[in-house]
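A.B. asks: Prediction below, plus the sequence it came from.
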Amino acid sequence: MMKTGICLCIILSAFNNIAAQSAKIDAEKLLEYYETQHYADAASYLQSIYPGDTQDVKVLSQIAYCNMMAGKLPDAEKNYQKINKIQPNNLPTLFSLAGINSRRGNVSDAKAYLQQIIQLDSLNFSAYKQLAAYADTPEIKLRYLKKANILNATDPDVAYDLSATYIGLRQYQPAYDVLKTAIAADTENFTLQQALLPAANQLAKYQEVIEIGEKLLKNHADVNVMNDMGQAYFYVKDYQKCIMLYKILEDMGVQNEGTLYYMALSYRELKDYNNAAIYAQKTIDEAVSKHTTLYYAALAGIYEAKNQYNEAVAAYKRGLTFGTSTIIYYRLGLLYDLNLKQPKNAVLYYQMYLKNSPDQEKEKDQIAYAKGRIPVLK
């Protein structure tokens, strides 16, 4: 509310200055447009009074602002560009142009305006913060965020993004330090506290993870917090609590390879070998993609195209270790039949193809071919 009030005061002051220059402006009408957020009407009203070629920066600024607030971004950009020619290197104008280009998806121009701002003001926190969002690599993003963090170490958004970038680069200590500084300035910022947990786990600060996690869970039962806490409980050898948390995640259907793995290890440490074996198998099943057989089929097809038939056979058979596949059975039949000239193996895989219920409609040609080749090869 305070920001809205300040903006309105600035706008009204600008309109009063414009009104002082011309008796034709109805200040009450403009005020009503602003109060009811009819920005397009405000822009049209101003344009009806002032000529299109006006060089009055205050007028152009108000028209540009109204168009921007109304979502008429091309018109807003046109007016801000006029201002930029009349008064080059004006930071508010450059920020407005960067923002408009960002909203229109023109990343190149948005970055160019922000770079221009940094050249004019090398300590501009907001420009570095925005440039980080357009970084092409994690390393460039890190550079901009570090600069912004130096300028304002307590900004929560920058601290969060910088820590996430550090973690992505496996730099856990600086990620932890950045978040601790920001949290010290805002001790009730749950978002920053949650972001701290993965870094703290990597640094073996398990008791801290548990203490923060318990407080966070009282506020909201977040699955990511449970995930981090489960690891911490495992490493402090509280295996029952590790299992309890990960069983909740499993019941919610949000288990993953890692949570199932820690459950298997926890059961093993508790000498509950039956459950340990069950969860070890679940871990393996979770780690294997449902599409792995298709990936191996694709690899084998590439080998076939290169006439590397033995490699193709090995890839197809490797794919079958992850589950049955009518596609692979059929392709192996063809490979043994047409390329390797091994009729006995060809018959075997044609038969396996037919036994595994291929789609009668979609694969009718393949079914007919396999059925026809088996008696010939025998």
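C.D. replies: Here it is on my side, so go on. Just so you know, these numbers come straight off a predicted model, no measurement behind them.

A.B. asks: From residue 319, how far off is residue 295?
C.D. replies: The gap separating residue 295 from residue 319 is 7 Å, by C-beta to C-beta, to the nearest Å. Glycine gets a C-beta too; all of them are placed from N, C-alpha and C.

A.B. asks: and the two? which has more neighbours close in?
C.D. replies: Neighbours were counted for residue 295 and for residue 319 using other C-beta atoms under 10 Å; residue 319 has more, 24 against 14.

A.B. asks: Can you check the pLDDT for the more buried one?
C.D. replies: If you check residue 319, the pLDDT there is 93.

A.B. asks: same deal with the one 4 residues further on?
C.D. replies: In the predicted model, residue 323 carries a pLDDT score of 87.

A.B. asks: separation between residue 351 and residue 330?
C.D. replies: 11 Å.

A.B. asks: Could you check which of those two has the larger neighbour count?
C.D. replies: Comparing residue 351 with residue 330 by neighbour count (other C-beta under 10 Å), the higher total belongs to residue 330, at 22 against 15.

A.B. asks: Hmm, that one is touching residue 346, no?
C.D. replies: No. Counting by C-beta atoms under 8 Å, residue 330 does not reach residue 346; the two are 10.7 Å apart.

A.B. asks: Residue 144: what's it in contact with?
C.D. replies: 128, 129, 131, 132, 135 (C-beta atoms under 8 Å, 6 or more residues apart in numbering).

A.B. asks: For it, pull up the helix or strand it's in.
C.D. replies: helix 138-151 (DSSP states H and E).

A.B. asks: Residue 48 too?
C.D. replies: Assessed by DSSP H and E, residue 48 sits inside helix 39-49.

A.B. asks: If you average the pLDDT over the helix or strand following that helix, what comes out?
C.D. replies: Later in the chain than helix 39-49, the nearest helix or strand by DSSP H and E is helix 57-69. Helix 57-69 carries an average pLDDT of 92.

A.B. asks: Whatever helix or strand comes next after helix 57-69 to helix 57-69, inter-axis angle?
C.D. replies: Per DSSP H and E, helix 57-69 leads on to helix 73-86 as the next helix or strand towards the C-terminus. Between helix 73-86 and helix 57-69, the angle comes out at 150 degrees (axes from the mean of the first three to the mean of the last three C-alpha atoms, to 10 degrees).
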